[in-house]
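Participant: coords please:
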Amino acid sequence: MIYVSHLLDDVDMRDVIERTGAGVESIEFSISENLDRLEEKIDNYEKRLEEMGCGKLVLHGPFLDLNPMAFDSLVLDATRKRYEQAYQAAERLGAEKLVFHTCYVPDVYLLIGWADRVAEFYKRFLDGRDGIQIVMENVFDREAEPILEVARKVDHPDFGICLDIGHAHCYSEMPAAAWAELFGSYIRHMHVHDNLGDRDTHMGLGRGNLDYREVIGIVKRNNPEVSFTVECSGKKDVLQSVSALQVL
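Facilitator: A predicted model of the protein is given here:
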């Protein structure tokens, strides 16, 4: 299944959905101000999805100022509350997956004990919940092994990894294909976009120097049911990238 990040306006999103049959990955509930008005925003967004003709939905969860490995109990409580609000929105709107960042910032946080603390957070978060897949996305992460360690430690059927190939390409010295090989079947979802390896430009597939065909081929070999979200802010790039995915 292919989704398109809701970075375009609603009119363009409707056109893309009509032309490609793609689903939507919403960023509406990654914004704290919207979570402060959760019921209102859920009702409003449900109507917008209907007007766009959306048939399949993924939600992108909140991340700014949050950290699932926080040592400060108040930060940890705030993170848990915001994640719970995003999960509530996902339930109400019928989302199949919910994406959360690792929230790891190199040179700010240490990796010693990081995987243990993050895994413990998600074990507690998933307790008593089922039906919506939680996938953890790499962003500034330079190393893939700690993320894999989290997935192994959580060991839950509704928990996996969202491999963002553009982020891996520009933030890590480890090739994106190696990230894909290492994560294996833990990859349940992918964010796809391109860049030149120097910064996170979210270009259309094929416009940068990322060998996306190789990376996606590795992922699909390990998990044929993996889903994709095209994360480009221009309509032309979105349509081109969806077309590229459809022939792989």
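Participant: can you get me a residue count around the spatially closest residue to residue 235 that is not a sequence neighbour?
Facilitator: Closest residue to residue 235 apart from its sequence neighbours, by Cβ to Cβ, 6 or more residues apart in numbering: residue 12 at 5.0 Å. C-beta coordinates here come from the backbone N, C-alpha and C atoms, glycine included. The local packing count at residue 12 equals 16, with neighbours defined by other Cβ atoms under 10 Å.
Participant: next helix or strand past the helix or strand that contains residue 12?
Facilitator: Counting by DSSP states H and E, the element that carries residue 12 is helix 10-20. Of the helices and strands lying after helix 10-20 in sequence (DSSP H and E), the nearest is strand 23-26.
Participant: quick one: contacts for residue 222?
Facilitator: Residue 222 makes contacts with 180, 184-185, 187, as judged by Cβ atoms under 8 Å, 6 or more residues apart in numbering.
Participant: could you redo the last one with a cut-off of 7 Å?
Facilitator: Residue 222 makes contact with 184-185, 187 under the criterion Cβ atoms under 7 Å, 6 or more residues apart in numbering.
Participant: before we move on, back to that, same for the helix holding residue 12, what does it pack against?
Facilitator: In this structure, helix 10-20 packs against helix 38-52, helix 235-246, with contacts taken as 3 or more Cβ pairs under 7 Å, 6 or more residues apart in numbering; DSSP states H and E.
Participant: please identify the most buried of the ones you listed.
Facilitator: Using mean count of other Cβ atoms under 10 Å, the stretch among the helices and strands packed on helix 10-20 with the greatest mean number of neighbours is helix 235-246 (a mean of 18).
Participant: now residue 4: which helix or strand?
Facilitator: Per DSSP H and E: residue 4 is located in strand 2-5.
Participant: quick check: bridge partners of the residue most central in space within the chain?
Facilitator: By Cα atoms, centre = their mean, the mean C-alpha position of the chain lies nearest to residue 99, the distance being 4.0 Å. With DSSP bridges applied, residue 99 shows beta-bridge pairing to residue 60, residue 135.
Participant: so how far is residue 15 from it?
Facilitator: With distances taken as Cβ to Cβ, to the nearest Å, residue 99 is found 24 Å from residue 15.
Participant: and if you look at residue 93?
Facilitator: According to Cβ to Cβ, residue 93 stands 21 Å off from residue 15.
Participant: please name the residues that touch residue 205.
Facilitator: 192, 194, 212, 240-241, 244.
Participant: what score does it have for pLDDT?
Facilitator: Predicted confidence (pLDDT) at residue 205: the value is 97.
Participant: I'd guess it is in a strand, am I close?
Facilitator: No - when DSSP: H, G, I helix; E, B strand; the rest coil is applied, residue 205 is found to be coil, with no strand at that position.
Participant: phi first, then psi, for it.
Facilitator: Recorded main-chain torsions at residue 205 are phi -60, psi 130, according to degrees, to the nearest 10.
Participant: which residues in the protein form strands?
Facilitator: Counting by DSSP state E, the segments of the chain that form strands are 2-5, 23-26, 57-60, 97-101, 133-137, 159-164, 187-192, 227-230.
Participant: turn those into TSV, columns for distance to residue 171.
Facilitator: Compiled in TSV, these are given as follows (distance: least, Cβ to Cβ, whole Å):
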stretch	distance to residue 171
strand 2-5	18
strand 23-26	20
strand 57-60	18
strand 97-101	12
strand 133-137	12
strand 159-164	9
strand 187-192	13
strand 227-230	18
